[in-house]
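# Could you look at this predicted model? Sequence included:
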Amino acid sequence: MKKKISIIGAPMDLGQLRRGVDMGPSAIRYAGIVDRLERIGYEVHDWGDIQIGRPKLVTDPKTGLRNLEAVVNANKRLAEKVDEIMENGHFPLVLGGDHSIAIGTLAGVSKYYDRLGVIWYDAHGDLNTVETSPSGNIHGMPLAASLGLGAKELVEIGGYSPKIKSENIVIIGARSLDPGEKQLIKEKGIKVYTMHEIDKLGMPRVMEETISYLKERTDGVHLSLDLDALDPLFAPGVGTPVVGGLGYRESNLAMEMLAESGLITSAEFVEVNPILDERNKTGILAVDLMGSLLGEQLL
Ligand SMILES: NC(=[NH2+])NCCC[C@H](N)C(=O)O
Ligand SMILES: [Mn+2]
Ligand SMILES: [Mn+2]
């Protein structure tokens, strides 16, 4: 029987300030994701996009949180769809959208595991809460919310919390962390490979360690890949670029090693913003990474 992948798009840009990430799912589809996965040998089902509508942009005067209600509604819808995909026994592949959609993906996925692991491949920690966020942007909060920290409306998406435990998380590529995030990382002992450590150890060692760490403590691993983990040279189409990032081969190698490990049970690729991109470079990169993650072979 062919392995089955279900793609779902979350065209939502309300978790941050740069409009255009809502076009991410289209850009990734136009870069040929369905063909690419079929060529590897998968049966691919494209479920289309969840409905977002055009909610008015609002900032809560008390908390500074932006577009909370719209982000919550989108994530509830996404959680339901991802849950349905899991129910069908397919591999869920979620296309963002800004990173706040990880809250919905994890809400849909996590209840199928006792100890879900998460690889957060990102320049950022996305560990802010209402109190620590410098921006009020919810795309800086999804990992905290999935740990059960922050605004109740975000934490409770999917009707249960937490979705993950701090000891089952590995952050890879970090180079921009806010003070509150650093404190939380220390407090919870979250495993982080910063750019400094990746430069020193090399990506092969980082992935070997990550894979063996997660293998012995989890029963499924979700990959949440923010394209801004890569250097803006390779991924110019993102809303919050940070220089000094991961390379093209380095990142494909990381994905290839994950493919070899057989560890990954769901994935999402987020923050592709075609308005800021150069001829869909970042969308094409996302598809290259997905190919590597899902076992594409050169020979
Ligand atoms: N998913 C992302 N690109 N997050 C960027 C977050 C930036 C910053 N730490 C904030 O909270 O606003
Ligand atoms: Mn990021
Ligand atoms: Mn992120």
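The structure has been received and is ready for your questions. Everything numeric here is computed off the predicted structure, so don't read it as measured data. Ligands and ions are numbered 1, 2, ... in the order given.

# quick one: contacts of the stretch of helix or strand Val287 belongs to?
Here Val287 sits within helix 281-293, counting by DSSP states H and E. By CB atoms under 8 Å, 6 or more residues apart in numbering, the surrounding residues in contact with helix 281-293 are 24, 27-28, 30-33, 36-37, 40, 93, 223, 225, 227, 230, 234-238, 248, 251-253, 255-256, 258-259, 264, 267, 269, 272-274, 277. For every residue, glycine as well, the C-beta is placed using N, CA and C.

# Then stretch 211-220?
By CB under 8 Å, 6+ apart, stretch 211-220 touches 109, 112-117, 119, 167-168, 170, 191, 221, 257-258, 261, 263, 265-266.

# and that stretch, which residues are buried?
Ile211, Leu214, Thr218, Gly220 (16 or more other CB atoms under 10 Å).

# Show me what secondary structure element comes after the helix or strand in which the first one is found.
Going back to what we said before, that points to Ile211. According to DSSP H and E, Ile211 maps onto helix 203-215. The helix or strand immediately downstream of helix 203-215 is strand 220-226, counting by DSSP H and E.

# partner strands of that following strand, parallel or antiparallel?
strand 116-121 (parallel), strand 264-270 (parallel) (DSSP bridges).

# So for ligand 1, which of the ones you listed sits nearest?
strand 264-270 (6.9 Å; CB to the nearest ligand atom).

# Please save the CA atoms from the closest one in PDB.
Extracted as PDB, the C-alpha positions of strand 264-270 are listed here (Å, rounded to 0.1, in the frame of the first residue of the first chain):
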ATOM      1  CA  ILE A 264       8.900  12.500  11.700                       C
ATOM      2  CA  THR A 265       5.200  11.900  11.900                       C
ATOM      3  CA  SER A 266       3.800  15.300  10.800                       C
ATOM      4  CA  ALA A 267       5.200  18.600   9.500                       C
ATOM      5  CA  GLU A 268       4.500  22.200   8.700                       C
ATOM      6  CA  PHE A 269       6.300  24.800   6.700                       C
ATOM      7  CA  VAL A 270       5.500  28.400   7.600                       C
END
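
# does ligand 1 sit close to it?
No: figure legend: strand 264-270 not in contact with ligand 1 (CB under 6 Å from any ligand atom); closest approach 6.9 Å.

# Begin at 52 from now on, thanks
Sure, I'll start counting at 52 from here, so that last one is strand 315-321.
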